[in-house]
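>>> fold the following for me, if possible:
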Amino acid sequence: MTRTAFPPVTTGAAVARVAGPAILLVAGLIALFLAIAFGGAAAPQAIGDPGPFVRWGLPVVKLVSNLGGAVMLGALVLALFGLRSGTRSFDAALDTASIGAAVFTLSSAAAAFLTFVRSFPVKVNAGPEFGAQFGRFLIELDLGRAWLLTVLAGAVITIAAFAFRTWTPTLLLGILAGASFIPLATQGHSGDLSGHTAAVNSILLHVLGAAVWLGGLVLLVVIRGTRTELVGAEGSPAPSAAEGAKAKRDRAAAHRTQGDDAPPVSFPDLLRRYSTIALVAYIVVAVSGVARSIVALGSWDALWTPYGTIVIVKAVLLLALGVFGAWYRLRLIPRIDRAEQAGARARASRLFWVLVLAELALMGLASGAAAALARTPPPTGTEPPAVRTPAEILTKSSLPPEFTLDRWFTQWNIDLIWLLVALFGLFFYLAGVLRLRRRGDSWPIHRTVFWVLGMLTLIWVTGGPINAYQEFLFSVHMLGHMMLSMAVPLLLVAGAPVTLALRALDKREDGTRGAREWILWGVHSPFSKVVTNPFVAAALFVLSLWAFYFTDLVRWAMKDHIGHEWMTIHFLITGYLFVLSLIGADPVPRRLPYPGRLITLIAVMATHAFFGMAIMMQSGLMVAEWFGSMARTWGPTPLQDQYIGGGIAWSVGEIPTLILAITVAIQWSRSDARAERRRDRHADRTGDAELAEYNARLAELAERDRREAARGR
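I've put the predicted structure just below:
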């Protein structure tokens, strides 16, 4: 693609582009120092104090690491959903992400070193003994491994973001950037809190949401103050309205001449896309922040502690940022759009810079407060009890009460990740249905009902009694597995979400990729063609059972929070793919004919039943160091409970499979009926021409046979 010349960047824009990140960092440092001094996070330790440099330096480098990671992730996300590959603005986004990743890598390495010095009473020197101790910290301890993985991920993104400039590598880098926040989210104060799972999930969601939000805003500052292909970028004196319209037509003509019909992205359009992303991120940050505060504070009285005061300040800043976001969406973007169309680019730029720099200052203050909170001990849950039960040692949670009938309706243990996934799934699905109806299109009500039931069931499985007891009872764990892999996918597939999205979402005309374009890319990608193949989907569904329960994967899922979330994701996706290959209305590259679907389903049912019997026939306890060590005084014995779990896999797990078989049979019957109706309509249109032609052919053959018989006589 031929590059076009762009006017030079104005001095004001260049200054503002540098001032934005500087304001962010300075505001963050000011808030960090004030909050640490107020909360006492940098007070000398009674034993093994590492000195003021480490006490104050560690929060500072952690703040810089957070800001670098935010720029890394936010720039990649906005590039994927707001910019166009192959343009200077897209390249600027990847440059920004690479710089952010480099800052993230270096500051994380420094934080890992200072964490080691702070945690262990060692004397820093250049000798081999100190190096060996630091190496063991990075390799053998969970906290050290978390820092090591974070540094390695940042280093990979730093290099790859410069090396690759197309859609797919950028998507993979975005996924890796998000995953780089996971190791450290499982560490810190949350590890000893009574609400361990809630704390870890809320921290992870909070960090990811804030990173996407803040990093996208920094990228807007970079793009606005740089020569790019964006219509409305800073440059020479603003043209008149007529000149602006003519320039826009010339740019579109130039793109068509180069074989590219997509016009450049306008800056107001990019602002709208960022605003949508930021709104979702804001909701995630707000909900996860409330959940984290509830776990850490424990009571209203704790709000008046130093930790609680910092939480209040951060909440006020979050509300102020929410007001800024609403102003952006409702007032600023329309005003910038009108100013750009009228040729008053200077006035639009002043509006943008004043508000964005103020928002960056507020975000810096909030980031500094958040970094201080990470170093400030919360008033509750900071220390484990002196005497802990076996269940508390294994699960970091107290043993729940006896699992009686009423607990099926009253016991809850909310998984914040899946609660937000389900709520967003409900909102976007219903919003799509509403958009279709406003447009005059119809959408089957039964599909909406199935989707809503599926999402509500997902909330119940991941946050209700099954999640509350699955760590303590193998039978409940198995029931949750069956629900995730069979019952929930059966309802969700019937909702046909991909078909709804493709009908409801608008197609972009500027060469960028929104949700619709990414869904289409996913449906037609080579990976999708493999995993949606009926035989591959069935193999994944069946083999996952055996591979999970008869290897150490089940131990990983029990003992590690990341393993548990992976288990939920894996069984939900494999179940969804299997059901989709059989009865789904959403588009897939290939489906078996109905007889093949029934044969596949019967084979899966048999293998599934055999798996359940294999569990029931086990003479020893699976994961004995876990399920056999809870010291339960109620319910069946661990071995009896395992037998019940095998029975659930054999019997209860077959109910959704039976429903699948009935559904396939009904669809087969309806398919035959539709084919018959098509033949009847064709006959009506042609006046039974095919039947008349067939009868004439039979008559001709009969006449030929008669003549041959006559000659023979």
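
>>> okay, now the unreliable bits of the stretch 51-200 of the chain?
188-195 (pLDDT under 70).

>>> now do the helices in it.
With helices called from DSSP state H, counting those that start in this stretch, the stretch 51-200 of the chain shows them at 52-82, 88-119, 128-140, 142-163, 167-179, 182-185, 196-224.

>>> and the next helix or strand past the lowest-mean-pLDDT helix or strand in the chain?
Using mean pLDDT, DSSP states H and E, helix 241-257 stands out as the lowest-scoring helix or strand of the chain, at a mean of 46. Per DSSP states H and E, the first helix or strand lying C-terminal to helix 241-257 is helix 267-297.

>>> taking helix 52-82 as reference, get the angle to that following helix.
Counting by axes from the mean of the first three to the mean of the last three C-alpha atoms, to 10 degrees, helix 267-297 lies at 140 degrees to helix 52-82.

>>> can you offset everything so residue one is 59?
Shifting the count to begin at 59 puts that one at helix 325-355.

>>> compute the inter-axis angle for helix 325-355 and helix 146-177.
Helix 325-355 and helix 146-177 are oriented at 20 degrees to each other (the same axes, to 10 degrees).

>>> now helix 325-355: buried residues?
Neighbour-count burial for helix 325-355, counted by 16 or more other C-beta atoms under 10 Å, picks out 325-333, 335-351, 353-355. To be clear about C-beta, it is placed using only N, CA and C from the backbone, and glycine gets the same treatment.

>>> over to stretch 452-460?
Buried, per 16+ other C-beta under 10 Å, within stretch 452-460: L452, T453, K454, S455, L457, P458.

>>> ditto for stretch 500-514
By neighbour count with 16+ other C-beta under 10 Å, stretch 500-514 contains the buried residues W501, R505, T506, F508, W509, V510, L511, G512, M513.

>>> and the first one, how far from P645?
Okay, so that is W501. With the distance defined as C-beta to C-beta, to the nearest Å, W501 ends up 16 Å from P645.

>>> separation between A430 and G144?
Taking C-beta to C-beta, one finds A430 at 42 Å from G144.

>>> these two: which is more packed in?
A430 (29 against 14; other C-beta atoms under 10 Å).

>>> excluding its backbone neighbours, what's nearest the more buried one?
Distances taken as C-beta to C-beta, 6 or more residues apart in numbering put A93 closest to A430, at 3.3 Å, once the chain neighbours are dropped.

>>> for the host helix or strand of the one you found, the distance to its chain's centre please.
In the assignment (DSSP H and E), A93 maps to helix 69-97. Taking C-alpha atoms, centre = their mean, to the nearest Å, one finds helix 69-97 lying 29 Å from the centre of the chain it belongs to.

>>> report the buried residues of that helix.
Within helix 69-97, the residues scored as buried using 16+ other C-beta under 10 Å are 71, 74-75, 77-79, 81-83, 85-87, 89-94, 97.

>>> likewise stretch 667-686?
Residues of stretch 667-686 classed as buried: A667, F669, G670, A672, I673, M674, L679, M680, V681, W684, F685, G686 (neighbour count, 16+ other C-beta under 10 Å).

>>> on that earlier part again, for E567, which of the helices of the stretch 109-258 of the chain is the nearest?
Among these, helix 110-140 comes nearest to E567, with 14.3 Å by C-beta to C-beta.

>>> follow-up on the earlier one: adding mean neighbour count and distance to R566, write the helices of the stretch 109-258 of the chain out as TSV.
As requested, these are exported to TSV (neighbours: other C-beta atoms under 10 Å; distance: least, C-beta to C-beta, whole Å):
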stretch	mean neighbour count	distance to R566
helix 110-140	24	10
helix 146-177	22	14
helix 186-198	13	45
helix 200-221	19	24
helix 225-237	18	13
helix 240-243	21	31
helix 254-282	25	18
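
>>> how about the ones you listed in JSON lines, adding distance to R728?
Formatted as JSON lines, these follow (distance: least, C-beta to C-beta, whole Å):
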{"stretch": "helix 110-140", "distance to R728": "39"}
{"stretch": "helix 146-177", "distance to R728": "47"}
{"stretch": "helix 186-198", "distance to R728": "60"}
{"stretch": "helix 200-221", "distance to R728": "49"}
{"stretch": "helix 225-237", "distance to R728": "38"}
{"stretch": "helix 240-243", "distance to R728": "45"}
{"stretch": "helix 254-282", "distance to R728": "43"}
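
>>> out of those helices, which comes closest to S709?
Smallest distance to S709 across the helices of the stretch 109-258 of the chain (C-beta to C-beta): 29.8 Å, for helix 254-282.

>>> show me what the closest one is packed up against.
helix 69-97, helix 110-140, helix 146-177, helix 240-243, helix 325-355, helix 403-433, helix 474-496, helix 619-641 (3 or more C-beta pairs under 8 Å, 6 or more residues apart in numbering; DSSP states H and E).

>>> looking at those, which is closest to F382?
Closest to F382 of those is helix 403-433 (C-beta to C-beta; 4.8 Å).

>>> and that closest one, what's buried?
For helix 403-433, the neighbour count (16+ other C-beta under 10 Å) marks 403, 405-407, 410-411, 414-415, 417-433 as buried.

>>> so what does it touch, helix or strand wise?
Partner elements for helix 403-433 (3+ C-beta pairs under 8 Å, 6+ apart): helix 69-97, helix 110-140, helix 254-282, helix 364-385, helix 391-399.

>>> quick one: mean pLDDT over that helix.
What helix 403-433 shows for mean pLDDT is 83.

>>> got it, and stretch 703-713?
When pLDDT is averaged over stretch 703-713, the result is 84.

>>> contacts for that stretch, please.
Residues from elsewhere that reach stretch 703-713, judged by C-beta atoms under 8 Å, 6 or more residues apart in numbering: 532-533, 535-537, 539-540, 544, 603, 663, 666-667, 669-676.

>>> how about 7 Å then?
With contact meaning C-beta atoms under 7 Å, 6 or more residues apart in numbering, stretch 703-713 is reached by 532-533, 535-537, 540, 544, 663, 666-667, 669-671, 673-674.

>>> helices - which of these land there?
Judged by DSSP state H, the contacts of stretch 703-713 include 532-533, 535-537, 540, 663, 666-667, 669-671, 673-674 as members of helices.

>>> relative to V112, which of these is nearest.
Taking C-beta to C-beta as the measure, V112 lies nearest H535 of these, at 43.0 Å.

>>> which is the next helix or strand following the helix or strand where R655 lies?
In this assignment (DSSP H and E), R655 forms part of helix 652-674. Downstream of helix 652-674, the first helix or strand assigned by DSSP H and E is helix 682-685.

>>> centre of the chain versus that next one, how much separation?
Distance of helix 682-685 from the chain centroid (C-alpha atoms, centre = their mean) equals 32 Å.

>>> now that helix: mean pLDDT?
Helix 682-685 shows an average pLDDT of 90 in the prediction.
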